[in-house]
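> Sequence first, then the predicted structure, then my questions.
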Amino acid sequence: MALSSASPDTRRPAFGSYQGAAAERLYPDLEVRLAGWNTDDDEQICGTLGKLEFFGITMPLTQDRKQELIGTYQVHETDTGSPEVQVAMLSDRINQLTEHLRSHPKDFSSRRGLLKLIGRRKQLLAYLAANEADRYRALVDRLGLRR
């Protein structure tokens, strides 16, 4: 890893990637040690946010959010994979990515991922519509997908 010519205590990695350059631009006073992230310094640097959230990257679905969606849309007590639950999880992730792309319109990798998620949700909805029309209509109403 190439380093800047600062003193040994405050050396900073030479950022070569786009994300590193953006982080350096946004947080010019952020001191990073030679070995990279030190787990003891994470709380000081990031506060209560995780490392990923510190740099504006959010996790797809947290465990709490996933359990909340499963509890809301499950068909029976032990249901975790019914089309209703899958569509609800995909819809939540699609909404997150849509918000991300509003603020980052040139993020084409995320746009491609969004289109793949939309396609998967469309297949699941088509399956429900063909086999269980009443469940399909109820799900679409609950999620507010069709207007």
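In hand now; what should we look at?
> in this protein, which spans are strands?
Counting by DSSP state E, the chain forms no strands at all.
> Can you give the domain ranges for it?
Domain assignment for the chain by automatic domain parsing gives 8-54, 63-143.
> Can you flag the weakest of those by average pLDDT?
Mean pLDDT is lowest for domain 8-54 out of the domains of the chain, coming in at a mean of 51.
> which ones are touching the nearest residue to residue 129 once chain neighbours are set aside?
Leaving aside its sequence neighbours, residue 129 sits nearest to residue 136 (CB to CB, 6 or more residues apart in numbering; 4.4 Å). To be clear about C-beta, it is placed using only N, CA and C from the backbone, and glycine gets the same treatment. Applying CB atoms under 8 Å, 6 or more residues apart in numbering, we find residue 136 in contact with 125, 128, 129.
> Just the buried subset of those, please.
125, 128 (16 or more other CB atoms under 10 Å).
> among the contacts of residue 136, which are in helices?
Among the contacts of residue 136, the members found in helices (DSSP state H) are 125, 128, 129.
> quick one, helices of this structure?
For the chain, the helices defined by DSSP H occupy 18-26, 42-46, 51-54, 63-73, 83-103, 108-131, 133-143.
> residues in contact with the fourth one?
For helix 63-73, the surrounding residues in contact (CB under 8 Å, 6+ apart) are 61, 79, 80, 82, 84, 85, 87, 88, 89, 92, 139, 142.
> Show me which of those residues are buried.
By neighbour count, with 16+ other CB under 10 Å, the contacts of helix 63-73 hold 61, 82, 84, 85, 87, 88, 89, 92, 139 as buried.
> Would you format the residues you listed as CSV with distance to residue 108 included?
Listed next are these as CSV, based on distance: CB to CB, whole Å:
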residue, distance to residue 108
61, 22
82, 33
84, 31
85, 30
87, 25
88, 27
89, 24
92, 22
139, 30
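> Closest one of these to residue 103?
residue 92 (18.1 Å; CB to CB).
> Start and end of stretch 98-117, how far apart?
End-to-end distance for stretch 98-117: 11 Å, by CA to CA, to the nearest Å.
> In it, which residues are buried?
Buried, per 16+ other CB under 10 Å, within stretch 98-117: 100, 114, 117.
> As JSON lines, the residues you listed with distance to residue 65 would be great.
Converted to JSON lines, those look like this (distance: CB to CB, whole Å):
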{"residue": "100", "distance to residue 65": "16"}
{"residue": "114", "distance to residue 65": "18"}
{"residue": "117", "distance to residue 65": "16"}
